[in-house]
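Novice: I need the structure of the sequence given here:
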Amino acid sequence: MNENNSAANFSQPLNSPVVNVNTAYKEKLTPLNKLALWITIKVGSMGFFLLILGWSALWLLWNTIGPKALRFDPHPAFVLWLFISNLIQILLMPLIMVGQNLQGIHTEIRAETDFKINQKSEMEIETILLHLERQNELILQIIKKLDSKAD
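Specialist: Alright, predicted model coming up:
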């Protein structure tokens, strides 16, 4: 999907029926984009934070106060823990950025659709107001004719 003009793919003329842009957007996502969004959502959750926090706490505690013969990444260096942590960060950072870009595109599409719906509503309200003004004029003309006949 071309991110630069993907919002234009969902634009609709003002006289077209309203469509659910959320569904249309999800249908156009590639499997890789769906994966990036899934990872972005999962990594940005408290569950993932607690998982990383628990994993780090267990790793560091085991290698600090565990039996010396069973420590595999000894205190104070924690070289393996730092390596794995940095590897996770390096791999997740671009994926999260891709997911955030996709979420931003989706937000722009929704905002554009909201704007078009607001434009349609404004046009309909103006039409109704013009119609009501015309009815008021006709009613006033009828009342004047009735008043002139009553005299």
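
Novice: what about the longest helix in this structure?
Specialist: Criterion DSSP state H: the longest helix present in the chain is helix 79-150.

Novice: could you measure the residue of the chain most remote from its centre against Leu58, distance?
Specialist: Taking C-alpha atoms, centre = their mean as the measure, the residue most remote from the mean C-alpha position of the chain is Asp151, 67.7 Å away. Per C-beta to C-beta, to the nearest Å, Asp151 is found 98 Å from Leu58. No exception for glycine: its C-beta is placed from N, CA and C like everyone else's.

Novice: can you check Glu108 too?
Specialist: 42 Å.

Novice: same check, this time on Ile90
Specialist: From Ile90 to Leu58 the distance is 22 Å (C-beta to C-beta).

Novice: How about Leu95?
Specialist: Counting by C-beta to C-beta, the gap from Leu95 to Leu58 is 25 Å.

Novice: if you count what's nearby, which of these two comes out ahead?
Specialist: Leu95 (16 against 11; other C-beta atoms under 10 Å).

Novice: The more buried one is in contact with Ile39, isn't it?
Specialist: Yes: between Leu95 and Ile39 there is a contact at 5.0 Å, judged by C-beta atoms under 8 Å.

Novice: Noted, bye for now.
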